[in-house]
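1. Have a look at this prediction, sequence included:
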Amino acid sequence: MSSRPHLLGPWRRTFQICLAALVALIPFLGVNGKALLRLDIPALTLELIGHRFRIEELYLAWLFVLGLIFLFLFLSLIMGRVWCGWACPQTSLADLSEKLLAKKGLRPFRHLIAFLVSLWAGATFVWYFISPGDFFDLLIAGKLGSWPLGTTLIVAAFVFLDFIFVGRLFCREFCPYGRFQTLLVDQGTLCLQATPEQLKRCIDCKSCLRVCPTGIDIRQGYQIECINCARCLDACRVVMARRGEEGIIRYTFGVNDLTWKAMLTPKSIGLGLLVVVIGLTTLFLASHRATASFEIGRSSLISSRLTEGGRQLTFFRGSIASRRQTPQQFILSASSQTGEPLTIKGSTNFTLLGNEKRDLSLAVDTPIIRGGKPLPITFTLVVKEDGSQIEVKAYLAPADLTNQNASK
Ligand code: SF4
Ligand code: SF4
């Protein structure tokens, strides 16, 4: 008597749909009035989960991406090419293309659907850089610049060609990850196979072969082309269920059908620890980042000047950038090497809006400095809200060096 087999295909399709929906929705989602994820290139900032990181803090984003890369490698080591079979957009696109070809009623609309999907993919890509609201406002006003429009069309053209002409060929012939993955196969890596013992029940119906998107015969053992999509597993379960038997193909830990403990190798433990260390470091740095960035140095445009009152003015330029979402007040002061306060000509009190960057231009008023080496001084920026300080060292040039504009 045949029983209803448990199939993985519906789970895979649901996962693909959820992932595509998530990618499409992220540009529309925000936290605290900021985007969930957007790289604003003109403003040189990254908005991530409601926080805005300026360009000088993008090392945090790189650290985050590095953590994701190692997490990806770790999952590949544990679960094989599950990414390819279940999550890769290329696979989802090829699946959709094949579905349209298989359905007679939809076949005539394949090019139209491919065109719409491609346009959506191109626009979604750009929405990770420009908010969808701004995108449509600019588009309607005819002011969408050449790069957003051009990028949308170029990405759309690639997706369309991929959809119609390339499909699985990319996975088989060009995908670098597929080649790279051979390095990550371990003794306990999850794989699909039919063990020699199970194969004794094979009735050679070739259903597993017909459904395989990479065209391999899994009965001949694990092959690196296998993307762990589990289509063969489903096909075999359906065939064998009619005979009242279990499927022959199944997931195993490693090609030698070991237990889950086989996954615990020096490679997997090392990679796992690396992911944890990078993740914790990123979290620590993100939660302890300074409330502002401050930089200042001798002006290369204005030379130091002697005043009629027998004083010396040394000019400085710099900037303060707030890293908070709310307004902040700052007080700037300068002191000599011995800690003596120095007079600043120019603003020393600033109120910056959330994430605002303010350029500074000021002069330090001192007695005339003669002979010897440039004198070190310290600029101190105090954040009024929490009393935290940022100190930057700079130099005052002696009067006889004032036209040389030595850099700090
Ligand atoms: S062998 Fe099975 S799991 Fe591997 S790619 Fe082919 S159908 Fe998918
Ligand atoms: S689907 Fe199962 S029974 Fe049919 S050929 Fe493949 S392994 Fe053998």
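-> Okay, I see it. None of the values given here were measured: they were computed from a predicted structure. Ligands and ions are numbered 1, 2, ... in the order given.
2. Now do the SS call for residue 93.
-> For residue 93, the assignment made with DSSP: H, G, I helix; E, B strand; the rest coil gives helix.
3. My guess is it contacts residue 163. True?
-> Yes - using C-beta atoms under 8 Å as the test, residue 93 is close enough to residue 163 to be in contact (5.7 Å). Glycine gets a C-beta too; all of them are placed from N, C-alpha and C.
4. Can you check which residues contact both of the two?
-> Taking C-beta atoms under 8 Å, 6 or more residues apart in numbering as the contact rule, residue 93 and residue 163 both touch residue 117.
5. what's in contact with stretch 136-156?
-> For stretch 136-156, the external contacting residues (C-beta under 8 Å, 6+ apart) are 118, 119, 121, 122, 123, 125, 126, 129, 130, 135.
6. Identify each buried residue in that stretch, please.
-> 144, 148, 151, 152, 155, 156 (16 or more other C-beta atoms under 10 Å).
7. That one: end-to-end distance?
-> End-to-end span of stretch 136-156 (C-alpha to C-alpha, to the nearest Å): 17 Å.
8. One more: stretch 317-327?
-> Taking C-alpha to C-alpha, stretch 317-327 runs 23 Å from one end to the other.
9. re earlier: sort the buried residues of stretch 136-156 by pLDDT and name the bottom one.
-> Ranked by pLDDT, those bottom out at residue 144 (86).
10. that older thread, could you dump the buried residues of stretch 136-156 to JSON lines with secondary structure?
-> Formatted as JSON lines, the buried residues of stretch 136-156 follow (three-state DSSP):
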{"residue": "144", "secondary structure": "coil"}
{"residue": "148", "secondary structure": "helix"}
{"residue": "151", "secondary structure": "helix"}
{"residue": "152", "secondary structure": "helix"}
{"residue": "155", "secondary structure": "helix"}
{"residue": "156", "secondary structure": "helix"}
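11. Taking the centroid of this structure, which residue is nearest it?
-> The centre of the chain sits closest to residue 65, judged by C-alpha atoms, centre = their mean, with a distance of 4.8 Å.
12. Okay, and that residue sits in which element?
-> Residue 65 is located in helix 58-79, with elements delineated by DSSP states H and E.
13. Which residues outside the helix or strand following that helix are in contact with it?
-> Using DSSP H and E, the helix or strand that follows helix 58-79 towards the C-terminus is helix 82. By C-beta under 8 Å, 6+ apart, the surrounding residues in contact with helix 82 are 75, 76, 190, 228.
14. quick check, nearest of the contacts of stretch 136-156 to residue 277?
-> For the contacts of stretch 136-156, the residue nearest residue 277 by C-beta to C-beta is residue 129; the value is 30.7 Å.
15. count of residues packed around residue 62?
-> By other C-beta atoms under 10 Å, 10 other residues sit near residue 62.
16. Quick check: the gap between it and ligand 2.
-> Going from residue 62 to ligand 2 by C-beta to the nearest ligand atom, to the nearest Å gives 46 Å.
17. Show me the domain layout of the protein.
-> 9-58+81-175, 292-401 (automatic domain parsing).
18. Cool, thanks, signing off.
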